[in-house]
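my questions concern the predicted model and sequence given below.
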Amino acid sequence: MVGEGTPAIFVTFVLALVGYVGLTGVVVLSIVRRLPVVLWRGVAVVILVHVLMVWAFRYGWQFDLAVRNGYAGFAMFHGALACILVSTVVGEKRSRILVHIAFGIVTVGALGATFLYDVVSAYRIPVILCAGIGGFFLFRAYVLKRPAA
């Protein structure tokens, strides 16, 4: 990989964790009350910067490195990014749905990454906690159809 062990890679993946914690918080808040649009837009910017930094410092803007694990994963995660970005400019109902979909996709990737890649293995516990918290609130809202409050 391009840039392994550099400070840029460290910052790139700290932003990933900050973005995922923020995404989890927004998911929870969107279930217990109104979607916090200003907070969500800030979190979306952090996530976008993370993705741009991955492209720059991990892949060196090389498409073949971005798809090294397959086109499906590439499409899925860039689809999640599209959901995140679109959700910042649509109405609250659609935004909430897009945020919840993106959380599910990002959670699968984040959990897998913390077990597969040394560069993010230190984030395993916080990612598992966020996945559990967000998953619990989504399960309660969609499967049990109960309000969180």
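Cool, got the structure. Residues are numbered from 1 along each chain as shown.

where exactly do the helices run in the chain?
7-32, 37-53, 63-66, 71-87, 92-116, 124-138 (DSSP state H).

ranking those by burial, who's on top?
helix 7-32 (a mean of 19; mean count of other C-beta atoms under 10 Å). Heads up, the C-betas are built off the backbone N, CA and C, glycines and all.

helices and strands around that helix, which ones?
Applying 3 or more C-beta pairs under 8 Å, 6 or more residues apart in numbering; DSSP states H and E, we find helix 7-32 packed against helix 37-53, helix 92-116, helix 124-138.

make TSV from the ones you listed and add mean pLDDT to it.
Formatted as TSV, those follow (pLDDT from 0 to 100):
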stretch	mean pLDDT
helix 37-53	97
helix 92-116	95
helix 124-138	98
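
so which of those helices gets nearest Ile9?
helix 37-53 (8.4 Å; C-beta to C-beta).

want to try a markdown table for the helices of the chain, with distance to Leu144 as columns?
Shown next, in a markdown table, are the helices of the chain (distance: least, C-beta to C-beta, whole Å):
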| stretch | distance to Leu144 |
| --- | --- |
| helix 7-32 | 11 |
| helix 37-53 | 24 |
| helix 63-66 | 38 |
| helix 71-87 | 24 |
| helix 92-116 | 15 |
| helix 124-138 | 10 |
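
got a list of what Val26 touches?
35-36, 39-40, 43, 99 (C-beta atoms under 8 Å, 6 or more residues apart in numbering).

out of these, which comes closest to Thr12?
Nearest member of those to Thr12, counting by C-beta to C-beta, is Val43, at 16.2 Å.

now that closest one: how far from Lys145?
Remark: distance between Val43 and Lys145 (C-beta to C-beta, to the nearest Å) = 26 Å.

what does Cys130 give?
Relative to Lys145, and taking C-beta to C-beta, Cys130 is found at 23 Å.

count the residues that sit near the residue nearest to Ala113 when sequence neighbours are not counted.
Counting by C-beta to C-beta, 6 or more residues apart in numbering, Ala113 lies nearest to Val120, which is 5.2 Å off, once chain neighbours are set aside. Counted with other C-beta atoms under 10 Å, residues neighbouring Val120 total 18.

that'll do, ta.
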